[in-house]
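*Asks:* Give me a 3D structure for the following:
(2 chains)
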Amino acid sequence: MWVLVALFLPLFPLSVVQNMLLARIPRPLARSALLLLLPQVGVTLLHTLHPPIPGFLVTWALLSSAFYALRLLTVRDLELWSGLFVSSALALTWGVAARGADVTTLRLFAFWFSLPATLLVLLTASLARRMGAAYAGLFTGLAQSQPRLAGVLTLVVLSIIATPPFPGFFALLDILHGFGGAAALSVLGVWLIWGWAATRVLQGFNSSNGREISGGDLGMSSVVGYAVTLVVFAAAGFLFTRGGL
Amino acid sequence: MSLTLGRRLRIRAMVHVAGEPIPFLWPMRTFIHHNPLYGLEHLPFAEAVRQGRRLFHARGFLPRALYQRYLAQGTVDVDTLAQQVRCFLAGAPALEGINLHKLLMTLLTETSAAVTARVTLAEAGDIHAALTGAALPACAVDQAALAAQVKTALPFDCPVYVGVDELFGTDIGTTLDELVVKSCLDFFDEGQSVWQMPGREHGLFAAWSALARRNLRLFIRGLHIQRILAQGDTPEGIISYVMGELRVPEEAWVEYFERSLARLHGWAGFIQWRSGAKHYHWGQRYPADLVDYLAIRLVLGLALLREHATRLKAPGDAESLARFIDERPAEAYLRREYYGKYVLPEMARVVGDTIASGRRARIERLLPTYLARKRADEANRQAAALRGLADRAGLGVALSHLTPDELGILLATLSRFEHAEGPMWLAAQEAHYLKQLAGGLDLNLSAPRAKRPFAQLLFCIDVRSERIRRHLERIGDYQTFGIAGFFGIPVGFIGLDKGSETDLCPVVVTPKNLVLELAIARNPEDQAFVSVLEHVFHDLKASVLSPYITVEAIGLLFGLDMFGKTLAPLAYNRWRSRLHPEKPDSRLLLDKITREQADSVIRALQRAMIVKALGSELGIEREAITDEMIRELRETALDHQATATGFAQRFKLSADAERHFIERLRSAYRINRHYTQLQLERLGRIGFTLDEQVNFVAQALRSIGLIAGFSRFVLLAGHGSTTENNPYESALDCGACGGNHGIISARVLAQIANKPLVRERLRNQGIDIPDDAWFVPAFHNTTTDELRLCDLDLLPASHLVYMERLSNGLQAAAHLCAAERMPALDYRDFNADSMSAYRTARRNSLDWSQVRPEWGLSRNAAFIIGRRQLTQALDLNGRAFLHSYDYRCDLRGRLLETILSGPLVVGQWINMEHYFSAVDNAHYGSGSKVYHNIAGRFGVMTGNLSDLRTGLPAQTVLKNGVPYHEPLRLITVIEAPFGHAQRAIDSVANVRNLVHNGWVRMAIADPDTQILHVFEDGAWQPRILSVAGDQGAIQELRI
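*Replies:* Residues are numbered from 1 along each chain as shown, chains lettered A, B, ... in the order given. Model prediction:
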């Protein structure tokens, strides 16, 4: 049964299955829906098992999260990047569960990371339409050629890696409060690597030197759509996490 | 490795040749506008631009979309553009059914993106198939061709690390640049750092290598510098060793060096200038040249290559890189595609993964698929672009009827055209400007004035003078002239309290004479408390530990300063200036001193030094010694006598003590024969002989045609700018004064021209300056438009009654000028209120947050050499350098030659600096000021570590991301008979080359024939000029 849960709240090597599944779905909307749905299925299954979760599984989850975080540093394809990030972030759900969190907290924790990931998937599709592929470092900086797209991409990536005021930040603060020394340090390390990986990927899109990008900038309606979603997302985070207090 | 002298000289010569295309970079203190492609001026303009692209990766023409913008604004002459296209097609093969002229004009005027994209694999047959919807013809993979393609992109003269970076995705080039910049910052620092690099007096390479041998950080990174440095004891030896290790054939060394130097061309240009600047204090004290610099670059480059070669198993020299490409062409090709960012985006992931796997079989399997996809992609893109163009030109059907061979011809023609279109746009823009200008020229000779004007003003030729001259002429009885801002007198100047000499003349001239500024009366107590306090603050900020305490203790004071400067810059600066003592009145020492006077000056100085030495070395007060003892000591120190017996006896000094003191006088106080001789030589440079003074005044007045009808006031307006927090301040000052304020030059000429003896001699030469004419120096502040009169205490009493009228006139013109300028700086409300505009201009000059205090010389386009009447009816919008010249005063053409060889060349440098900074601000310009940091007190870097930024910042030439400065080559118009002007041009070789190579667009307006002769396509083309005021009426002359 643990194996089944590990398929939905991905732990290495079972996470490979989820990543392969995501990679094979061409439609961004379908991929986004899966990203939102799969972790919730995992949480439901976990809840039905009634923890306590064995200690080795928590350790394994932390290692799995760290592994995917490190993997992010070497990936330039944004489509792959979002999948790997979700694998790294959702593995931490095991840690939240191990602390005896209720099902709502678990569902929200998974949601705080999977929602920005779905936004990133949608943005990836926009980038691929313009560039042929959302591959960092191939094109001249988006910041100059398509500033709106660059701005939205930056905000979405910041929201995914749990920077304040987005809910992931408060959710991770909560984990750090709950964990003991070594585990908390591990989570902190993973968090730092996310930041590093995000910087690299943003740099690769926003300020690199490469070939010219054809196609226009993101439409204003799309920008408003992303902005409203992020604002509501941040507000919901404050509401449900109470600012991590 | 110890090299023979011949070998060392050979390497030095190679480096020297390699450095020729690198433009000089002067220290920011005296920003010198110069042509970034100065080293390539021997080539035609278009060819030099191509070389510039190769060396500096910089663009020489605007993108087509920006030219189309100008076309929409009506500043491009469409007829000239069409004519240029016709000329291009004259040598191109015709295609049946395709109106090539129409197609190319459509391409120029209606298509913003390039049509012939980078096509490397698709051939005409493929594109034809894509156009007709057929399947692409089969094509076998030719591995040799792939290897050749990669090798062409990475030739032998290209630094090896560039090849490794391209094929292995390493970042050696960037790392190398960072290490080199850090080394340069350490060595060339001019007082910005508190802790200085040790051993700098031994030279760049020696100081650096001594440190690098012990540099633990480099060692930890795996860079074994000491092993390389052990191979040679001279920079030439090291260069020879490294080039041998890199296996670069010796015949490619010069190109290799050239590319290595061009990589950080700002630093290389600064070092090149510095090594040749004989009077540059820092250069003399801490010597460095390009050979040192190149040796450091090569050592670090080799160390980095070796480290990467070991870690990544990458090639470490040119031969193994070539071997790698030959032996593994598929991998080399895919690597270059991926790391060179040419890869098909949709295949980037698979190509990246395959290369990372390192399995040759997998790479070989991927290659055919990749090539097929890439070929199809290129063919489809090319076909789509071509179809779009043809449809816009109404030639879609004709295009579809072309055979593959014809399509190949069409594509080749289009490709050549797109490479050649920049000069066409430029010529069409210049033609438009020239038409506008020529249409308004007034070549008629005016009748002599009935009465002399109220005042005559001599302004610098600077484009910013044109506005104020126009306003002055409009509001009152003012006659204005344009002359190079140093007024034709090249001087070295030592100002009050300054220890060093500043050259006040164009950089192409070396001043022979020195002018000293002496205070009339000053009290040492005047040294303001605030000035001392400022020095203390500076020291506190600059030391290692004190800043921590300083911030806590007096940080609030800095906060007040910040608020004052930011919120109320005008009021705050007014208050702050009151804290400083006013600069005392001064005079300039202009007359030559005799040998006796020089001796006397030196004697007085040496006596003062001896009194000082006695006090500090022996504690003997002045009261205790006599003049005779001082004389005795001086004579002894100068070896004129053996001992100072009287002095020694009076103070009971032993022979040893006396000898020791004399030795101190010689060494520490420099009272010795050698230094005395040096001082004598320096004193010999001070001032001008009477003949020189007369000649300078006569030459200045004749060159502008002012030899009679002198007014009561002859104002000599030198110009400069006043801005805050602006490293580019000197770029706004007078270029003819070597990037300094022009007021000193104005004071020099005024002081000379007011001398009765000089006027008497001038009278003998036919220049009769009446006794009531008074030359008054003035300062034209180009940031505020203020005109301030100087040395008024010398003004005769008879003139004081007219001062009110003069001041009012100058003030009114300044206000009107500000009102004209402010809208261009985006202050749109001041069209009606000139006083508010003037206040805003003054605020700009004191606002430390202002990145664009004035537009400076931006939008400069023309250089007019002629009488004022020639362009007086025109509003030139501050875009023209105006040099007054009356050919009737210059029968032999010598004055014109002087104007061409000095002011015109300075104008051309300014023009080219602006041109290239506008067309490619990232490479030829210095980018945005917002990211600038001062480097070592002599340059500017972007961020904390970069090449020294050359050229002008974006805020000077761009507005909202597009050029504010319309990049045109300097359109020069000389008003003179054709033969007269042509002879002058031909006799100045430098200018002739500039004209013939297309760096300057030259036109001669012949007042005798009313024909404008324009130098175009290698010959003088005559055009008929209209009568003045009939704008644009200029026609081809059909003979």
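
*Asks:* Residue of chain A closest to chain B, please.
*Replies:* A:Gly132 (3.3 Å; C-beta to the nearest C-beta). (Each C-beta comes from the backbone N, C-alpha and C, glycine too.)

*Asks:* Quick one: residues contacting the spatially closest residue to that residue that is not a sequence neighbour.
*Replies:* Leaving aside its sequence neighbours, A:Gly132 sits nearest to B:Pro345 (C-beta to C-beta, 6 or more residues apart in numbering or on different chains; 3.3 Å). Counting by C-beta atoms under 8 Å, 6 or more residues apart in numbering or on different chains, B:Pro345 makes contact with A:Ala128, A:Met131, A:Gly132, A:Ala133, A:Tyr135, A:Leu138.

*Asks:* Mind pulling the model confidence for the residue of chain A closest to chain B?
*Replies:* We note a pLDDT of 87 for A:Gly132 in this prediction.

*Asks:* ok, stretch A:3-19 near chain B or not?
*Replies:* No - using C-beta under 8 Å from any C-beta of the partner chain, stretch A:3-19 stays clear of chain B, with a minimum separation of 13.4 Å.

*Asks:* Could I get the buried residue list for that stretch?
*Replies:* A:Val5, A:Ala6, A:Leu7, A:Phe8, A:Leu9, A:Pro10, A:Leu11, A:Phe12, A:Leu14, A:Ser15, A:Gln18, A:Asn19 (16 or more other C-beta atoms under 10 Å in any protein chain shown).

*Asks:* Stretch B:223-243 now?
*Replies:* B:223, B:225, B:228-229, B:232, B:234-243.

*Asks:* who does the longest helix anywhere in chain A touch, helix- and strand-wise?
*Replies:* Ranked by residue count, the top helix of chain A under DSSP state H comes out as helix A:103-131. When contacts are defined as 3 or more C-beta pairs under 8 Å, 6 or more residues apart in numbering or on different chains; DSSP states H and E, helix A:103-131 sits against helix A:28-49, helix A:78-90, helix A:93-98, helix A:147-160, helix A:167-178, helix A:220-241.

*Asks:* what about the helix or strand just after it, average pLDDT?
*Replies:* Scanning forward in sequence from helix A:103-131 by DSSP states H and E, the next helix or strand is helix A:142-145. Throughout helix A:142-145, pLDDT has a mean value of 84.

*Asks:* Stretch B:362-372 too?
*Replies:* Rounded mean pLDDT across stretch B:362-372 is 94.

*Asks:* anything in that stretch near chain A?
*Replies:* No - using C-beta under 8 Å from any C-beta, stretch B:362-372 stays clear of chain A, coming no nearer than 13.8 Å.

*Asks:* Give me the residues contacting that stretch.
*Replies:* Contacts for stretch B:362-372 (C-beta under 8 Å, 6+ apart): B:121, B:139, B:141, B:330-331, B:333-334, B:337, B:344, B:347, B:350-351, B:354-355.

*Asks:* B:Met803: neighbour count?
*Replies:* As a burial measure, B:Met803 scores 14 neighbours (other C-beta atoms under 10 Å in any protein chain shown).

*Asks:* what's the helix or strand for the residue of the stretch 401-550 of chain B found nearest chain A?
*Replies:* At 14.6 Å from chain A, B:Glu418 is the closest residue in the stretch 401-550 of chain B, using C-beta to the nearest C-beta. Assigning secondary structure by DSSP H and E places B:Glu418 in helix B:404-439.

*Asks:* Could you check what's spatially nearest to B:Tyr339, not counting adjacent residues?
*Replies:* B:Tyr339's closest residue in space is B:Gly169 (C-beta to C-beta, 6+ apart), at 4.0 Å.

*Asks:* returning to that earlier point: quick one: contacts for the residue of the stretch 401-550 of chain B closest to chain A?
*Replies:* Contacts of B:Glu418 by C-beta under 8 Å, 6+ apart are B:Leu107, B:Ala114, B:Val115, B:Thr116.

*Asks:* can you pull the pLDDT of it?
*Replies:* Value for B:Glu418, per-residue pLDDT: 95.

*Asks:* same deal with B:Glu623?
*Replies:* 86.

*Asks:* What is the burial count for the residue lying closest to B:Leu683 once chain neighbours are set aside?
*Replies:* Nearest residue to B:Leu683 in three dimensions, chain neighbours excluded: B:Ala598, at 4.2 Å (C-beta to C-beta, 6+ apart). By other C-beta under 10 Å, 18 other residues sit near B:Ala598.
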